[in-house]
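>>> coords please:
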Amino acid sequence: MSGTGTEYFIWLSELCGAGSPLSKKVYSAFGGNLAAAYRAAEDEYISLGFEKEEAELLCDKDFERTNMIIDYCAENMVGILTYDSEYYPTRLFDIESPPPVLYYKGRIEKLSDRAYLTAVGSRKCSQDAYDAGYAVCFKLASAGISIVTGLADGIDTACTLGTLDAGGFAVGVLGSGINILYPFDNSTVFSRIFRTGLVITEFSPFTEPLAVNFPIRNRVMAALGNAVLVVEARKNSGALITAEYAVQMGRKLYVLPGLVTNPLCRGSNALIKHGAVPVIDAYDIISDMEFSYPSEVSVGSAAPERKLSKKDAYLSRRMRRKAKALEKRAQSGVSESIVAELSQEQEQEKCSEEKDLSILSETEKTVYLALLEESTTADILGKKTSLPSDTVLSALTMLEIYGLITSLPGGMYEAV
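Residues are numbered from 1 along each chain as shown. Predicted coordinates:
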């Protein structure tokens, strides 16, 4: 045990599970003294009003997983927030079951800012909605508004890119462990947000992105924003869950209107019918936010509308498609000059961003430096670095997301 109190929050969080109101109930019953809660016996829990099933659950005092999580976070530069932490967002206490623990990577001090907007929408969105999400969030971010998304495909990606391209602050909320980034196709976005923004999750390391996690995650997204913007959502879109949480917490709900004949925006249009504020221009939101947070938001500093560069938006996908096509053609005996052309284009893309090793943990740096010497496999890296295989694999995953290495056929990895 670390003795800081953090370990008791992790014990409680792992025991109760994400989204459980029991964690807050225990915290309140023991006046915030979770060390006392940990030491309590079953009869004491029951005397404080806990159900027998709850008391029996809380009698599980096993700390093995807790210690494993603490060790992993310490070794991999993962921060931990609890109810008692300086930067724990007070906005999360608007949730009936606020997460007792948040794991994070990035600029946590920015959570003390107040001007936050959560942007949501469908993964499978229209091109118009994708472009609109990018343009609106670019302008919002340039005016000083921080943007929260779920870092999913579609609208989340557009809004995150718009924020980052404007030099704004983006927060990504995961439905998985901090080291399980989903979808992996968004590795370029993850790499950028790790460098300049913030990624948080209430799910402990190694938690897979199960479908049941995302509605739980959505309540955190809704609470982090002072308002929620729905860009485009189908009738049964998960974005509507976030919108519902926002209304329950008294957050202002904005919606980009869509064509009434378009099924992709049937859910978001219905929100307008039930009282959400239609947004015709980003200034509609900026002026509201400036009134509430004049020290952080300024209409005058909002940049002119900027359209998303299709090259920036779809470059990674295009390169993957082109790589697969050229691989097939090369196997069929097509001239290697085409493959060389692709390699040159990929190399230019790789070199376009300066390598920044400051975001790496010591473990990740050790693995990366070993790969700089020669391309090799995870097994050989483990032997060269004397690191456990699961630690090496975790480091390789993060390095690939950061864009510092690439995987090759045959289980090989190389630095780029």
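>>> can you pull the pLDDT of residue 368?
Per-residue confidence (pLDDT) for residue 368: 92.
>>> That one reaches residue 399, doesn't it?
Yes: contact criterion CB atoms under 8 Å: residue 368 and residue 399 qualify, at 5.6 Å. To be clear about C-beta, it is placed using only N, CA and C from the backbone, and glycine gets the same treatment.
>>> which residues do the two both contact?
Shared contacts of residue 368 and residue 399, defined by CB atoms under 8 Å, 6 or more residues apart in numbering, are found at 360, 405.
>>> Which residue lies closest in space to residue 92, excluding its sequence neighbours?
Distances taken as CB to CB, 6 or more residues apart in numbering place residue 98 nearest to residue 92, at 4.4 Å, with adjacent residues excluded.
>>> which regions of the stretch 201-350 of the chain lie under the pLDDT threshold?
Scanning the stretch 201-350 of the chain with the threshold set as pLDDT under 70 gives 304-350.
>>> where along it do the helices fall?
213-224, 239-248, 266-273, 282-292, 310-331, 336-351 (DSSP state H, counting those that start in this stretch).
>>> For the third one, which outside residues touch it?
The reference is to helix 266-273. Contacts to helix 266-273, defined as CB under 8 Å, 6+ apart, come from residues 121, 230-237, 239-240, 243, 253, 255-258, 260, 278.
>>> what does the first one give?
Contacts to helix 213-224, defined as CB under 8 Å, 6+ apart, come from residues 18-19, 89, 91-92, 94-95, 97-99, 116, 118, 120, 148-150, 171, 173-176, 200-203, 207, 228, 238, 241-243, 245-246, 249, 251.
>>> same thing but 6 Å
For helix 213-224, contacts defined as CB atoms under 6 Å, 6 or more residues apart in numbering pick out 18-19, 91-92, 94-95, 116, 118, 148, 173, 175, 228, 238, 241-242, 245-246.
>>> Could you list which of the residues you listed belong to strands?
Members of these lying in strands (criterion: DSSP state E): 116, 118, 148, 173, 228.
>>> Tell me how many other residues crowd residue 94.
Residues near residue 94, counting by other CB atoms under 10 Å, number 17.
>>> wait, what's in contact with it?
Contacts of residue 94 by CB under 6 Å, 6+ apart are 223, 249.
>>> Check the gap between it and residue 33 for me.
24 Å (CB to CB, to the nearest Å).
>>> do residue 219 as well
From residue 219 to residue 33 the distance is 26 Å (CB to CB).
>>> still on that earlier bit, buried subset of the contacts of helix 213-224, written for PyMOL?
The following PyMOL line selects those of those that are buried, judged by 16 or more other CB atoms under 10 Å:
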select buried, resi 18+19+91+92+94+95+116+118+148+173+175+228+238+241+242+245+246
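>>> coming back round to it: which one of residue 219 and residue 33 has more residues nearby?
More crowded of residue 219 and residue 33, by other CB under 10 Å: residue 219, with 26 against 14.
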